[in-house]
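**Student:** Would you be able to build a 3D model of this:
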Amino acid sequence: KAEGHVEGEKVENPDTGLYYDEYLRQVIDVLETDKHFREKLQTADIEEIKSGKLSRELDLVSHHVRTRLDELKRQEVARLRMLIKAKMDSVQDTGIDHQALLKQFEHLNHQNPDTFEPKDLDMLIKAVSAR
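**Tutor:** Below is the predicted model of the structure:
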């Protein structure tokens, strides 16, 4: 017997297995709070999402949503830096290039750690799609 989905009920999605799964979920949750973006997301097909066309819609979301996305990105960059530091501490190699380590994280633009831009959404989508 199938149970109906109740409006406003939070649906638990299975873990994607991605090391940035929590970040991905938080970005999606924040984007879905913007009515315009949510409508675009619901009507977009997979190719529009993968091609980056949907990412351009980020410029049209509300200031509050952009501020929250900026905050999420800063938290994710801090988390990645902490992981890098832990890795460095474990091997005690002082010759490690931080930028080279950051480049292995392809789900965000590490050159701009402070603001969430359309490029970040595009990179996040491409990282998930490449999996």
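
**Student:** Next, name the residue at the spatial heart of the protein.
**Tutor:** Centroid-nearest residue in the chain: residue 24, 4.1 Å away (criterion: Cα atoms, centre = their mean).

**Student:** That one contacts residue 30, correct?
**Tutor:** No. With contact defined as Cβ atoms under 8 Å, residue 24 does not reach residue 30; the gap is 11.2 Å. In short, each C-beta sits where N, CA and C put it, glycine included.

**Student:** Next secondary structure after the helix or strand of the chain with the lowest mean pLDDT?
**Tutor:** In the chain, the helix or strand scored least confidently by mean pLDDT, DSSP states H and E is helix 98-103, which has a mean of 60. Downstream of helix 98-103, the next assigned helix or strand under DSSP states H and E is helix 118-130.

**Student:** Please state the offset of stretch 17-36 from the chain centre?
**Tutor:** 6 Å (Cα atoms, centre = their mean, to the nearest Å).

**Student:** Now do the buried residues in it.
**Tutor:** 20, 23-24, 26-27, 30-31, 34 (16 or more other Cβ atoms under 10 Å).

**Student:** so which of those comes closest to residue 113?
**Tutor:** Taking Cβ to Cβ as the measure, residue 113 lies nearest residue 23 of these, at 13.3 Å.

**Student:** thought the closest one was touching residue 77?
**Tutor:** No. The criterion here is Cβ under 8 Å, and residue 23 misses it with residue 77 at 10.0 Å.

**Student:** Can you check which residues contact both of those two?
**Tutor:** residue 108 (Cβ atoms under 8 Å, 6 or more residues apart in numbering).
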